[in-house]
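> turn this into a structure:
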Amino acid sequence: MREIKFRIWDNLEKAYLNEEDVAIDSRGNVFIFEIYDKNDSDLWYTRLLPDSDNKRYIIEQDTGLKDRNGTKINEGDVLVDDAGEPIEYWTVKLSEGAFVGECAGVTEALFELTQLEVAGNIHENSELVEEK
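A predicted model of the protein is given here:
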């Protein structure tokens, strides 16, 4: 069984949180590790990151798949298909329990798109998926 990994986008800071410094509980609360007790390596001090309207922190799951270059594909990534004209940009989403790519109203199973390349993500590269 593979480890399920996540990354977290901070809408206020406009950056991803360091994956090694955060944890997520079963309710979707985001915690940041602040310090740990050097005398007891199992004792960590964390702080709950407030998000009362659930809009500040966007939790995105690692799909477990890689693109044609071996780069891991995460929910929220944008894949580029530059093999033909026009160039197509696919957004990675979780839909009905499965990871899919969406492009111009078309939805494909993500495993069908692993020959493409990660071009960015919807937060830092929104221009790739904006309607023209």
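> least confident secondary structure element in the chain?
strand 44-48 (a mean of 79; mean pLDDT, DSSP states H and E).
> can you list the strands that it pairs with?
Its sheet considered, strand 44-48 pairs with strand 30-36 (antiparallel) by DSSP bridges.
> before we move on, the earlier item: give the buried residues for the next helix or strand after the least confident helix or strand of the chain.
As assigned by DSSP states H and E, the chain's next helix or strand after strand 44-48 is strand 57-66. Using 16 or more other Cβ atoms under 10 Å as the test for burial, strand 57-66 gives Tyr57, Ile58, Glu60, Asp62, Thr63. For the C-beta atoms, the positions are set from N, CA and C on the backbone; glycine is no exception.
> quick one: list the elements packing against strand 57-66.
strand 6-10, strand 72-74 (3 or more Cβ pairs under 8 Å, 6 or more residues apart in numbering; DSSP states H and E).
> of the ones you listed, which approaches Asp53 most closely?
strand 6-10 (14.0 Å; Cβ to Cβ).
> now do the closest one, average pLDDT.
Across strand 6-10, the average pLDDT comes to 95.
> what does the helix or strand that it is followed by rub up against?
The helix or strand immediately downstream of strand 6-10 is strand 15-16, counting by DSSP H and E. For strand 15-16, contacts defined as Cβ atoms under 8 Å, 6 or more residues apart in numbering pick out Arg7, Ile8, Trp9, Asp10.
> could you redo the last one with a cut-off of 7 Å?
Contacts to strand 15-16, defined as Cβ atoms under 7 Å, 6 or more residues apart in numbering, come from residues Arg7, Ile8, Trp9.
> ok, so of these, who is nearest Arg27?
Using Cβ to Cβ, those come closest to Arg27 at Ile8, 14.5 Å.
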